[in-house]
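Participant: I'd like to go over a predicted model; first the sequence, then the structure.
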Amino acid sequence: MGALGHHLEGEGIATTGISLIREHTVKVRPPRALWVPFELGRPFGPPRRAAIRRRVLLAALNLLEAPGAPPLLVDDAGEAPATPGGTDALPPWTPPSLAPPPDTLDPAILRRAAEDEIAALRPRYVRSVGRRGRTTVGALGLSPAESVDFLAGFFDGVPGASPRPDLDVATALKIACEEARAYLTESAIADLAPWSGPAIEDWVFQATATGRLIDALRRRLLGGPDPAIVAVAKGSMMPGVQVRRAEALRPG
C-alpha cells in the first residue's frame, strides 16, 4: 500500500494510510501513515469498540492536513476511554471448557479426542454463527467432523482424491487445516466477551486436541515424498510461532 501511495501522489492524489508494522513503514516511507499498536488484521483496534475505530480513522484522515512535507509517520495517540456499559464492562474472554488434549502425538488417540471435541463445541459454534450471521467453515463441502477425518486419513498415506474435484490433495489439506481452526475459533467467540486473536490462536494450537492433531500430522508429513504436501506441512498447517512453541514443548 505504501508503494501505491507513492504512485497516487505522483499523479497528484493525496494519500494517507494506517501502519501495523512500524519497521516496514519506516523502510517503505509512504507519503503519510499513522502507526497503531494493534494486532495484525485489526488496523482499527479491537472489535465492537466504535470510539477507538472513529478516533483512528479521523487521525489517519487528519494527516492529509498535517503541516510538513511527506513522508510523514505519526504514532497513534493511545486507546480511547472505556465506554460505560460497553464491551469494556464485560468479563475478559476465557476459553471454552473442554477436556484437556491427550499428551501424545499418537494419531489414533488424537483423532478420537478431536472428534469428541468437535461434537462438544457444536452448541457454541451454532450460537456463534447465529449471532454473527456468517461462517468461514464449509469451503471443502465437509462437516467439521469430516474435515478432521480427512486430516486423520493422511496418517495412513496421502489420500487418493480430494473432497473437491477442482482442488488437488495438497490444497485440500491446507484448507482442511484452516477449516478445523476456523471451527474452533468461531466456537471460541460465541459470546460477547472481548477477545484477542493471539490468545485464541494459542488456545487452538496449545490446548485443544484438534490443534495437537494438526501438529502431529504436520510432523508426519514433513518427511513425505510429495513436494506439494511437504510444502503445505512446512508453511501452511500452523503459524510459525505455534510451530516453534509446539516443538519446544514436544520435541521430536
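Facilitator: Cool, the structure landed. Numbers count the residues shown, from 1 in each chain.
Participant: gap between the closest residue to residue 17 other than its chain neighbours and residue 235?
Facilitator: Nearest non-adjacent residue to residue 17, counting by CB to CB, 6 or more residues apart in numbering: residue 33, 4.9 Å away. (C-beta placed from N, C-alpha, C; glycine too.) According to CB to CB, to the nearest Å, residue 33 stands 29 Å off from residue 235.
Participant: so between the two, which is more surrounded?
Facilitator: Neighbours per residue (other CB atoms under 10 Å) separate residue 33 from residue 235, with residue 33 holding more: 27 against 12.
Participant: about what we covered before: where's the residue nearest to residue 17, which helix or strand?
Facilitator: Element membership of residue 33, judged by DSSP states H and E, is strand 32-35.
Participant: what packs against that strand?
Facilitator: Counting contacts by 3 or more CB pairs under 8 Å, 6 or more residues apart in numbering; DSSP states H and E, strand 32-35 packs against strand 18-19, helix 22-28, helix 50-62, strand 72-75.
Participant: and the first one, how far from the chain's centre?
Facilitator: The one in question is strand 18-19. What separates the centre of strand 18-19 from the centre of its chain is 19 Å, taken as CA atoms, centre = their mean, to the nearest Å.
Participant: what helices or strands is that strand leaning on?
Facilitator: strand 32-35.
Participant: partner strands of the strand it packs on and their direction?
Facilitator: strand 18-19 (parallel), strand 72-75 (parallel) (DSSP bridges).
Participant: check which element follows the last one along the chain.
Facilitator: Pointing back at strand 72-75 there. helix 107-132.
Participant: report the buried residues of whichever helix or strand comes after that next one.
Facilitator: Note on helix 107-132: by DSSP H and E, the next helix or strand toward the C-terminus is helix 144-152. Going by neighbour count (16 or more other CB atoms under 10 Å), the buried part of helix 144-152 is 144, 147, 148, 149, 150, 151, 152.
Participant: quick one: which of those residues is nearest residue 127?
Facilitator: Lowest distance from residue 127 to these (CB to CB) belongs to residue 144, with 14.8 Å.
Participant: surely that closest one and residue 181 touch.
Facilitator: No: applying CB atoms under 8 Å, one finds residue 144 not in contact with residue 181, separated by 10.7 Å.
Participant: re the thing from before, tabulate the buried residues of helix 144-152 (CSV), appending distance to residue 251 and pLDDT.
Facilitator: Compiled in CSV, the buried residues of helix 144-152 are given as follows (distance: CB to CB, whole Å; pLDDT from 0 to 100):
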residue, distance to residue 251, pLDDT
144, 30, 93
147, 28, 93
148, 25, 92
149, 28, 92
150, 28, 93
151, 22, 94
152, 23, 93
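Participant: look up the closest residue to residue 25, ignoring the ones flanking it.
Facilitator: Using CB to CB, 6+ apart, the closest residue to residue 25 is residue 19 (4.0 Å).
Participant: how about the one you found, what does it touch?
Facilitator: Contacts for residue 19 (CB atoms under 8 Å, 6 or more residues apart in numbering) come out as 25, 30, 33, 34, 35, 36, 73.
Participant: coming back round to it: can you tell me the average pLDDT over the strand holding residue 33?
Facilitator: Confidence for strand 32-35, expressed as mean pLDDT, is 88.
Participant: residues in contact with that strand?
Facilitator: 2, 5, 14-20, 22, 25, 56, 59-60, 63-64, 66, 70-76.
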